[in-house]
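Visitor: kindly return the folded structure for what I paste below:
(one chain, ligands or ions: 1)
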Amino acid sequence: ITNHMPTKELQALDAAHHIHPFTDANELAESGARIITRAEGVTLTDSEGNQIMDAMSGLWCVNIGYGRQELVDAAARQMQELPFYNTFFMTSHVPVIALSAKLAELAPGTLNHVFYSSSGSEANDTNIRIVRHYWASKGKPEKTVMIARKNGYHGSTLGGGSLGGMAPMHSQGVPVIPGIVHIDQPHWWNEGGDMTPEEFGLERARQLEAKILELGEDNVAAFIGEPIQGAGGVVIPPSTYWPEIQRICDKYEILLIADEVICGFGRTGSWFGSQTMGIRPDIMTIAKGLTSGYIPMGGSLVSDEIANTLAAAGDFNHGYTYSGHPVAAAVALENLRILQEEKLVERVHDDVGPYLAKQWATLLDHPLVGEANSVGLMGTLALTPGKAKRAKFAGKEGAVGLRCRTRCFANGLVMRHVGDRMIIAPPLVITHAEIDTLVERARKSLDETYEGLLKDGLF
Ligand SMILES: Cc1ncc(COP(=O)(O)O)c(CNc2cccc(C(=O)O)c2)c1O
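Guide: As a prediction, the model looks like this:
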């Protein structure tokens, strides 16, 4: 079975043996998977030879773009030298030591300590353990409840899936585990009603204070949130939201966890989204851009206070076989070296981020587009049948988003849809010319979606 096998045969084997994430298997068997065979820069190639611009960086993760030989070489060298050894039982190895020191250097505040996993979900499960063990070690064992947001996304393990606020997941075997509660999200477009964004941001943040008082501040351990919600639809909170969340966390002594799986490593124009949004987290969840997706790795960056408290408490009985995997660590180090040496984070902040914002905003003149927002290199379009009222389409939510996504693929562009919002998060190496192409293809796809809706009498 190779790249040269006919696509139909590859699709049949895939449908027969491979269960895909977040996928309707029958629908996939019907349509046949698109087989991606190669990728270079910001462009994918599929088994039919189609070239597709990947405005989603895979799944928000290929920050340095595809085809960087340096990461291949780093992985090969490390595999040759030491393909695996664990970090349990008083052992370590150079790649994980070097990576930990590098992350401490890059992270803000006193986030000088890293616990590793192989994914963002596992890192958030780790955070549940760390937070509860921390408070117990401080003599407050009853301080266990974690507060998160509806429509937040923190992964697909029982812990991560419970911290997430995605109802369709909770109805499929991911019950919200005890001690996790959700408050509303700062999604002004969908839920702001007649409030100004600023009033709405305060109102939603103050739900945290109300929830703490309802639960009893001595029972509340932490709050977790994405600086900007990614999988929830690139929900950029109003400017009043995070300062108020921070004030409340400080006031009631609850730990603030910033989930930086998407926002980390330059995505928002700073090294971390917390810096862009003015948050001072006690823990940061990392994954995706840590290795640019070339190899799985995740982790929890924790403060001196938390690390020292855990250390004083003796054995921390938690960990994964691949925690701190040497090959993943070597690839992550090379990835971070490229981000630093090519000044890709500064480039997002000073150059391509502002350029994308300008070009993306031109889509506001399209009849379907009610909002065209971006921060750094993550952006969103709100599709609506009535801009002034921020109206929703009749029928199933997401049907128009799906139409648009399908048109994007036909036009050589990967855009994600979340409900009737279109999402982009292109690699940080994207050029001005590629941004122009991205916006051109997005506009063409919007036009075709609009024509289709008119033809079907849906607009
Ligand atoms: C903020 C955040 N936290 C945790 C995770 C979980 O990471 P892992 O997947 O590595 O366990 C994520 C992952 N985010 C994610 C994963 C898969 C698909 C999509 C999408 O938007 O379609 C988003 C995420 O976006």
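Visitor: use CA for all of it now, contacts and neighbours both
Guide: Will do.
Visitor: need the CA coordinates for stretch 188-200. CSV is fine.
Guide: The C-alpha coordinates for stretch 188-200 follow below in CSV (Å, rounded to 0.1, in the frame of the first residue of the first chain):
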residue,chain,number,x,y,z
TRP,A,188,-20.7,38.4,21.7
TRP,A,189,-21.7,37.7,18.0
ASN,A,190,-23.9,34.7,19.0
GLU,A,191,-25.0,35.6,22.5
GLY,A,192,-24.4,39.4,23.1
GLY,A,193,-27.9,40.5,22.3
ASP,A,194,-28.3,44.3,22.5
MET,A,195,-25.3,44.7,24.9
THR,A,196,-22.2,46.4,23.7
PRO,A,197,-19.2,44.0,23.5
GLU,A,198,-17.6,45.8,26.5
GLU,A,199,-20.8,45.4,28.7
PHE,A,200,-21.1,41.8,27.5
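Visitor: pull out the buried positions in that stretch.
Guide: If you call a residue buried by 16 or more other CA atoms under 10 Å, then stretch 188-200 has these buried ones: 188, 189, 192, 197, 199, 200.
Visitor: which two in these are spaced the farthest apart?
Guide: Using CA to CA, the pair of the buried residues of stretch 188-200 lying farthest apart is 189 and 199, separated by 13.2 Å.
Visitor: can you add pLDDT and distance to the ligand and give the buried residues of stretch 188-200 back as TSV?
Guide: Listed next are those as TSV, based on pLDDT from 0 to 100; distance: CA to the nearest ligand atom, whole Å:
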residue	pLDDT	distance to the ligand
188	98	19
189	98	19
192	98	22
197	98	23
199	98	25
200	98	22
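Visitor: now those residues in JSON lines, with secondary structure?
Guide: Output for the buried residues of stretch 188-200, formatted as JSON lines (DSSP: H, G, I helix; E, B strand; the rest coil):
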{"residue": "188", "secondary structure": "helix"}
{"residue": "189", "secondary structure": "helix"}
{"residue": "192", "secondary structure": "coil"}
{"residue": "197", "secondary structure": "helix"}
{"residue": "199", "secondary structure": "helix"}
{"residue": "200", "secondary structure": "helix"}
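Visitor: off-centre distance for stretch 365-382?
Guide: Distance, stretch centre to chain centre, for stretch 365-382: 18 Å (CA atoms, centre = their mean, to the nearest Å).
Visitor: which parts of the stretch 151-300 of the chain sit against the ligand?
Guide: For the stretch 151-300 of the chain, the residues in contact with the ligand (CA under 6 Å from any ligand atom) are 153, 154, 155, 226, 230, 231, 259, 261, 262.
Visitor: just put these in JSON lines and tack on distance to residue 136 and secondary structure.
Guide: JSON lines is the format used below for those (distance: CA to CA, whole Å; DSSP: H, G, I helix; E, B strand; the rest coil):
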{"residue": "153", "distance to residue 136": "27", "secondary structure": "coil"}
{"residue": "154", "distance to residue 136": "24", "secondary structure": "coil"}
{"residue": "155", "distance to residue 136": "25", "secondary structure": "coil"}
{"residue": "226", "distance to residue 136": "25", "secondary structure": "coil"}
{"residue": "230", "distance to residue 136": "32", "secondary structure": "coil"}
{"residue": "231", "distance to residue 136": "32", "secondary structure": "coil"}
{"residue": "259", "distance to residue 136": "23", "secondary structure": "strand"}
{"residue": "261", "distance to residue 136": "27", "secondary structure": "coil"}
{"residue": "262", "distance to residue 136": "30", "secondary structure": "coil"}
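Visitor: low pLDDT regions in this protein?
Guide: Of all residues in the chain, none has pLDDT under 70.
Visitor: quick one, longest helix in it?
Guide: Assignment by DSSP state H gives helix 432-455 as the longest helix of the chain.
Visitor: what are the buried residues along that one?
Guide: Going by neighbour count (16+ other CA under 10 Å), the buried part of helix 432-455 is 434-435, 438-450, 452.
Visitor: for the stretch 101-250 of the chain, just list every one of the strands.
Guide: 113-117, 145-149, 180-183, 220-225 (DSSP state E, counting those that start in this stretch).
Visitor: among the ones you listed, which is nearest residue 255?
Guide: Here strand 220-225 is closest among those (CA to CA), at 4.4 Å.
Visitor: can you give me how far the closest one is from the chain middle?
Guide: Distance, centroid of strand 220-225 to centroid of chain: 18 Å (CA atoms, centre = their mean).
Visitor: could you name the helices and strands sitting against that strand?
Guide: Judged by 3 or more CA pairs under 8 Å, 6 or more residues apart in numbering; DSSP states H and E, the packing partners of strand 220-225 are helix 120-137, strand 145-149, strand 255-259.
Visitor: partner strands of it, with direction?
Guide: Strand 220-225 has its sheet partners listed here by DSSP bridges as strand 145-149 (parallel), strand 255-259 (parallel).
Visitor: for the ones you listed, which one ends up most surrounded?
Guide: Mean neighbour count, computed with mean count of other CA atoms under 10 Å, is highest for strand 255-259 among the strands paired with strand 220-225, reaching a mean of 26.
Visitor: which residues sit against the next helix or strand after it?
Guide: Of the helices and strands lying after strand 255-259 in sequence (DSSP states H and E), the nearest is helix 273-277. Residues from elsewhere that reach helix 273-277, judged by CA atoms under 8 Å, 6 or more residues apart in numbering: 108, 227-228, 242, 258, 260, 263-264, 266-270, 280-281.
Visitor: same question for stretch 66-76.
Guide: Stretch 66-76 is contacted by residues 39, 40, 41, 42, 43, 294, 327, 328, 330, 331, 334, 335 when judged by CA under 8 Å, 6+ apart.
Visitor: mind listing what's buried in that stretch?
Guide: Buried residues in stretch 66-76, defined by neighbour count with 16+ other CA under 10 Å: 66, 71, 74, 75, 76.
Visitor: for the ligand, what is the nearest residue in the stretch 201-350 of the chain?
Guide: Nearest residue of the stretch 201-350 of the chain to the ligand: residue 231, at 3.7 Å (CA to the nearest ligand atom).
Visitor: grab the nearest non-local neighbour of that residue.
Guide: Leaving aside its chain neighbours, residue 231 sits nearest to residue 153 (6.2 Å; criterion: CA to CA, 6 or more residues apart in numbering).
Visitor: count of neighbours near that neighbour?
Guide: Per other CA atoms under 10 Å, the neighbour tally for residue 153 reads 24.
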